[in-house]
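**Q** my questions are about this predicted structure, shown below with the sequence.
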Amino acid sequence: MANELVQSIKDAEARAASIKDEAAAEAQSIILSAEKAAKELEKTSAEECRSYAETHLKAVEADAQKAYDTEIAQGKRRAEKYAENILNSTDMAGEIVRRIVNGSR
């Protein structure tokens, strides 16, 4: 009976060691799988961030170009109006000089 008890304990210890080894192997497999998934996620995230940054940069550039074009157009209109006012003022001065020189008509 003692031999059977000792053998039973040895068998239980062997099963426990086998279960421990299987658990360690499974844990290692899970770790490797998680590391692989993490690397893939990092790569995918980097690509998504790069794509988002490029898209955002293009949108910002387009907005900036639109604002620039608007400012240029407004500046052109102001310059044209200013030039027109100057020309009108010059025409009046010319008319005054003409009247003085040629007499009122």
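**A** Sure thing, it's come through.
**Q** from here on, just use CA atoms for contacts and neighbour counts.
**A** Noted.
**Q** ranges for the helices of this protein?
**A** 2-102 (DSSP state H).
**Q** report the central residue of the protein.
**A** Taking C-alpha atoms, centre = their mean, the centroid of the chain lies closest to residue 53, which sits 2.4 Å from it.
**Q** and that residue, how far from residue 60?
**A** According to C-alpha to C-alpha, to the nearest Å, residue 53 stands 10 Å off from residue 60.
**Q** dump stretch 1-15 to CSV, restricted to CA.
**A** This file holds the C-alpha atoms of stretch 1-15, laid out as CSV (Å, rounded to 0.1, in the frame of the first residue of the first chain):
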residue,chain,number,x,y,z
MET,A,1,0.0,0.0,0.0
ALA,A,2,2.8,2.4,0.8
ASN,A,3,4.3,1.6,-2.6
GLU,A,4,1.0,2.4,-4.2
LEU,A,5,0.8,5.7,-2.3
VAL,A,6,4.3,6.6,-3.3
GLN,A,7,3.6,5.7,-6.9
SER,A,8,0.4,7.7,-6.9
ILE,A,9,2.3,10.7,-5.6
LYS,A,10,4.9,10.3,-8.2
ASP,A,11,2.3,10.0,-10.9
ALA,A,12,0.5,13.1,-9.6
GLU,A,13,3.8,15.0,-9.6
ALA,A,14,4.5,13.9,-13.1
ARG,A,15,1.0,15.1,-14.2
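**Q** begin at 5 from now on, thanks
**A** Sounds good: first residue 5 from here, last item stretch 5-19.
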